[in-house]
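1. Sequence plus the predicted model coming up.
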Amino acid sequence: MNETNSNKLNAHDLINVGIYTAIMAVLLCVFACLGIIPVMMLSLVVIPPLVAGIPYMLFLTKVKKFGMILLMNILMGLMLWVTGMSYYATIVGTITGLIAEWIYRKGEYKSKKLGILAYAVSILYIWANYFGIFYNAEQYFSTRQNYGQEYIDSVTALLPPWMSPVLLIANFLFGLLGGYIGTKVLKKHFEKAGIV
Amino acid sequence: MDYKVDLKPASLIDPRTKLLLLFMISVFVLGGAGGEKMTVFYWILVFVPVLLLLSERKWKLFFISVLVYGCSYGAQMFLKGDLRPWESVLALSVYVIVKFLPAVFMARYTMATTKVSEFIAAGKKMHLPDTLLIPVSVIFRYFPTIGEEYSCIRDAMKMRGICLGGGKASQMVEYRMVPLIADCTVIGEELSAAALTRGLEVGIQRTCIWNVKLRFLDYLIMGFCIFTVVWCMIGGFFL
């Protein structure tokens, strides 16, 4: 078998993608449940990018071929769609995945700085989950009528349309910070233990 | 050589049907697509996982879920319009339960009754590319593992006194996440080694000991799903 030189993804790579996608999905799922409290809705662009940085940076150390980041983002997008977010996340996730893939390839799949940047870009699919509120509010809340008028009012008050770019920037910045924390944790724990 | 062995299917319905149902439930129950005109389909889809539980002889879970659905249906009829704060909280929690429980049950049923090899065989029959099929089957296989590992780590950390309170939030996250991820990485290595020994990468057609075939019940459910989607798109005209 000539898998060492091949640029095609082999079973080993695909299994890695599956594992890290599962970890990321569980983390996002746990923290996304905070969104039921209206104020915490805003924290969704803060906490998940910070925490998910750790598995993502570890994942990046396994990435040596084109397609893995993209594949992970597509799968994450599909997961978000299936777990009740909109399909916006799938579309945005695919696009940001491609961009992140390109960024990380620039550093020949080694550069840590570009890795952090790639993480900050690819995690932007979290921002995409707000699209429903900003651009299609009526339909978004029509499926959430039973949350009570109070919930709807407070979420609408928290998220006027101009918040959309603010959230995008916040998501990106906390992505950078999360990626940085991820590399630190990687250094502190995993490199010493010989997992990387 | 062609082996003709009449094997029993691993479970009542085919993995493909399970996935389709999972998708339908997330879109129509969890996502609430279609709105008012889909109410009937909504409740049918809510009860499909319950019937599947029954087919697996999970009596206790069956009765509890029927009870919960009944109560929450009544509560939804009762709690409407202008609500006081505590009523609104109650309505919200009831609503969340009915929305999430079917998807959770369906996902649990799918994971509990589908063998990974059966899943891969079904995926091959759908002509899914390996690049999609292998990660997805790993994800499916992996969720229960993460849960198990996490509960062990939580116990260990409780013993060390690293839990909520005491202003150690970052420590709490770090001391749980890092062992969990380290564990998962090691298990992942083992998983890929096992997959390679089983010839996941040989490149020729693989055989499967499970009889992966669509049956009458599968066609029935698929027909219902198609009808649901069609009704969602054009059904508004008839009401």
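-> Thanks, I have the structure now. Since the model is a prediction, treat every value here as computed from it, not as a measurement. Numbering: from 1, shown residues only, chains lettered A, B, ... in the order given.

2. make it CA atoms for all contacts and neighbour counts henceforth
-> Fine.

3. how about the helices in chain B?
-> B:15-25, B:39-55, B:59-78, B:85-113, B:116-125, B:130-159, B:169-197, B:216-234 (DSSP state H).

4. ok, residue 153 - how many residues close by?
-> Answering for chain A, as no chain was given. 11 (other Cα atoms under 10 Å in any protein chain shown).

5. meant chain B actually
-> Using other Cα under 10 Å, B:I153 is surrounded by 18 other residues.

6. rewinding a little: would you single out the least confident of the helices of chain B?
-> Sorting those by mean pLDDT places helix B:85-113 lowest, at a mean of 78.

7. So what angle separates the directions of that helix and helix B:39-55?
-> 50 degrees (axes from the mean of the first three to the mean of the last three Cα atoms, to 10 degrees).

8. How far away from the center of its chain is helix B:85-113?
-> 12 Å (Cα atoms, centre = their mean, to the nearest Å).

9. and it with helix B:116-125, angle?
-> 90 degrees.

10. Can you tell me the element the residue nearest to B:F143 when sequence neighbours are not counted falls in?
-> Nearest residue to B:F143, sequence neighbours excluded (Cα to Cα, 6 or more residues apart in numbering or on different chains): A:A22, at 6.7 Å. Here A:A22, judged by DSSP states H and E, is contained in helix A:11-32.

11. Also compute the angle for that helix relative to helix B:130-159, please.
-> 50 degrees.

12. Just give me the neighbour total for B:R57.
-> 11.

13. hey, which of the helices of chain B is tucked in deepest?
-> Burial of the helices of chain B is given as mean neighbour count (mean count of other Cα atoms under 10 Å in any protein chain shown); helix B:15-25 ranks first at a mean of 21.

14. which other helices and strands contact that one?
-> helix B:39-55, helix B:85-113, helix B:116-125, helix B:216-234 (3 or more Cα pairs under 8 Å, 6 or more residues apart in numbering or on different chains; DSSP states H and E).

15. Tell me who's in contact with the residue in chain B positioned nearest to chain A.
-> Across chain B, the shortest distance to chain A (Cα to the nearest Cα) belongs to B:P135, at 3.9 Å. Counting by Cα atoms under 8 Å, 6 or more residues apart in numbering or on different chains, B:P135 makes contact with A:14-19.

16. between the residues you listed, which has the most around it?
-> Highest neighbour count within the contacts of B:P135: A:I19, with 32 neighbours (other Cα under 10 Å).

17. Where does A:P160 fall, secondary structure wise?
-> Using DSSP H and E, no helix or strand contains A:P160.

18. Next, count neighbours for it.
-> The burial count for A:P160: 11, using other Cα under 10 Å.

19. Would you mind measuring from it to A:K8?
-> 45 Å (Cα to Cα, to the nearest Å).

20. Moving along the chain from the helix holding A:A22, name the first helix or strand you hit.
-> helix A:40-43.

21. quick one on the thing from earlier: out of everything not next to it in sequence, what's closest to the residue of chain B closest to chain A?
-> Nearest non-adjacent residue to B:P135 (Cα to Cα, 6+ apart): A:G18, at 3.9 Å.

22. Near A:P55, how many other residues are there?
-> For A:P55, the neighbour count with other Cα under 10 Å is 26.

23. In chain A, where is pLDDT below threshold?
-> A:1-6, A:34-40, A:84-85, A:136-150, A:195-196 (pLDDT under 70).

24. which SSE is A:A52 in?
-> Using DSSP H and E, A:A52 falls in helix A:47-62.

25. Which strands or helices does that helix pack on?
-> With 3+ Cα pairs under 8 Å, 6+ apart as the test, helix A:47-62 has helix A:11-32, helix A:112-122, helix A:163-185 packed against it.

26. Between these, which one is closest to B:L51.
-> helix A:11-32 (26.7 Å; Cα to Cα).

27. and stretch A:99-119, how far apart are its ends?
-> Terminal-residue distance, stretch A:99-119 (Cα to Cα): 10 Å.

28. how about the residue nearest to B:P135, what does it touch?
-> A:72, B:134-139.

29. Could you do B:T131 as well?
-> A:9, A:14, A:71.

30. Return only those of those residues found close to chain B.
-> A:9, A:14, A:71 (Cα under 8 Å from any Cα of the partner chain).

31. Of all residues in chain A, which one is closest to chain B?
-> Counting by Cα to the nearest Cα, chain A gets nearest to chain B through A:G18 (3.9 Å).

32. Contacts for stretch B:176-189 next, please.
-> A:15-16, A:19, A:23, A:55, A:189-190, A:195, B:146, B:149-150, B:153-154, B:157.

33. Could you do stretch B:148-156 as well?
-> With contacts defined as Cα under 8 Å, 6+ apart, stretch B:148-156 is touched by B:176, B:179-180, B:183.

34. Now the residues you listed in a markdown table, please, with extra columns for distance to B:G199.
-> As requested, these are exported to a markdown table (distance: Cα to Cα, whole Å):
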| residue | distance to B:G199 |
| --- | --- |
| B:R176 | 35 |
| B:P179 | 30 |
| B:L180 | 28 |
| B:D183 | 25 |
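
35. What separation is there between the residue nearest the centre of chain A and A:L78?
-> Against the mean C-alpha coordinate of chain A, by Cα atoms, centre = their mean, the closest residue is A:I123 at 3.1 Å. To A:L78, A:I123 is 14 Å away according to Cα to Cα.

36. same thing with B:L220?
-> 26 Å.

37. cool, B:F140 as well?
-> On the measure of Cα to Cα, B:F140 and A:L78 end up 14 Å apart.
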